[in-house]
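Q: No sequence on hand, only this structure:
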């Protein structure tokens, strides 16, 4: 995949390549488990990031995100690097400092960019994710809604929030999911909880006795209703469905 190089611009002429102190503190807290993804994204907003340019790449790499190792494919052509995430989505790697980029690839050429511009470039290329500091020491996967918020220079509101020491789906998102699937007649009840394989799990209680064909039709209509809801589409990075049998 041919990359589109982001040219350096004059506001960064005196940049010494170090990490923004506020972002550095947020990354350290996140790495210790004391901070949240939302705090990292908030600190990332308005900063300078470094976009790597490489002439040649190996075909695969492994990075650690949130304590889990992910194998990703890489594609580039003497330009911006695209990382292929396990779920098939494409991510733009960016770095907080020259040191973190060098730890990843010593031969990478750092191109400074305002994070809003880098995020907008990712959106334009239809690359849904950003990976911050894939070489560590703390790697952060920035989800699609946060990438959009950074590109538009708006505050990001995560779909899953920590309340009273536990994670829960934001009430506005939970309400939107309930409204969206409530129009499907076979859905008797619906709820939204933090997901296991995706960001949010939609828990559905369905009319009992559905055969495979009818179940497939119901799930297709549920997915269409969720995709059509503006709040869900803008706020939720990924969804999974969990099915419960009705009474």
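A: Ah, there it is. Since this is a predicted model, take the numbers as computed values, not measurements. Residues are numbered from 1 along each chain as shown.
Q: ok, longest helix in this structure?
A: helix 212-228 (DSSP state H).
Q: how far out from the middle of the chain is it?
A: 25 Å (CA atoms, centre = their mean, to the nearest Å).
Q: before we move on, what about stretch 236-247?
A: 21 Å.
Q: ok, the residue nearest the centre of the chain to residue 234 distance?
A: In the chain, the residue lying closest to the centroid (CA atoms, centre = their mean) is residue 143, at 1.2 Å. Taking CB to CB, to the nearest Å as the measure, residue 143 falls 12 Å from residue 234. Heads up, the C-betas are built off the backbone N, CA and C, glycines and all.
Q: and if you look at residue 152?
A: 11 Å.
Q: Equivalent analysis for residue 37, please.
A: For residue 37, the distance to residue 234 - CB to CB - is 17 Å.
Q: where does the chain have low pLDDT?
A: Residues of the chain meeting the criterion pLDDT under 70: 1-10, 12-13, 56-79, 246-247.
Q: Domain ranges for it, per the record?
A: 10-151, 160-245 (automatic domain parsing).
Q: which of those domains is buried the deepest?
A: By mean neighbour count, with neighbours taken as mean count of other CB atoms under 10 Å, domain 10-151 ranks first of the domains of the chain at a mean of 18.
Q: need the helices for the chain, in chain order.
A: Under DSSP H, the chain gives helices at 21-32, 37-44, 98-104, 115-124, 144-151, 171-182, 212-228, 230-235.
Q: in terms of contact count, name the helices or strands touching the last one.
A: If I follow you right, that is helix 230-235. helix 144-151, helix 171-182 (3 or more CB pairs under 8 Å, 6 or more residues apart in numbering; DSSP states H and E).
Q: repeat that with 7 Å
A: helix 171-182 (3 or more CB pairs under 7 Å, 6 or more residues apart in numbering; DSSP states H and E).
Q: Helix 212-228 and the helix it packs on, what's the angle between them?
A: Inter-element angle recorded for helix 171-182 and helix 212-228: 140 degrees (by axes from the mean of the first three to the mean of the last three CA atoms, to 10 degrees).
Q: hmm, who's touching helix 171-182?
A: By CB atoms under 7 Å, 6 or more residues apart in numbering, the residues outside helix 171-182 that reach it are 159, 187, 190, 192, 200, 202, 204, 222, 225-226, 229, 231-232, 235-236.
Q: and with 10 Å instead?
A: Helix 171-182 is contacted by residues 157-161, 163, 168-170, 187, 189-193, 199-200, 202-204, 218, 221-236, 239, 241 when judged by CB atoms under 10 Å, 6 or more residues apart in numbering.
Q: for that helix, the distance to its chain's centre please.
A: Distance, centroid of helix 171-182 to centroid of chain: 21 Å (CA atoms, centre = their mean).
Q: Please name the nearest non-neighbouring residue to the residue nearest to the centre of the chain.
A: residue 237 (3.7 Å; CB to CB, 6 or more residues apart in numbering).
Q: Also residue 92?
A: Closest to residue 92 by CB to CB, 6+ apart is residue 122, at 4.1 Å.
Q: still on that earlier bit, show me the common contact partners of residue 143 and residue 234, please.
A: Contacts common to residue 143 and residue 234, judged by CB under 10 Å, 6+ apart, are 149, 159.
Q: ok, and what's touching the longest helix of the chain?
A: By CB under 10 Å, 6+ apart, the surrounding residues in contact with helix 212-228 are 176-177, 179-187, 190, 200, 202, 204, 206-207, 210-211, 232-233, 236, 239, 241, 243.
Q: Can you get me a residue count around residue 152?
A: 13 (other CB atoms under 10 Å).
Q: so it touches residue 119, yeah?
A: Yes: using CB atoms under 10 Å, residue 152 makes contact with residue 119 at a distance of 8.4 Å.
Q: and the gap between the nearest residue to residue 114 once chain neighbours are set aside and residue 188?
A: Nearest residue to residue 114, sequence neighbours excluded (CB to CB, 6+ apart): residue 48, at 6.2 Å. To residue 188, residue 48 is 51 Å away according to CB to CB.
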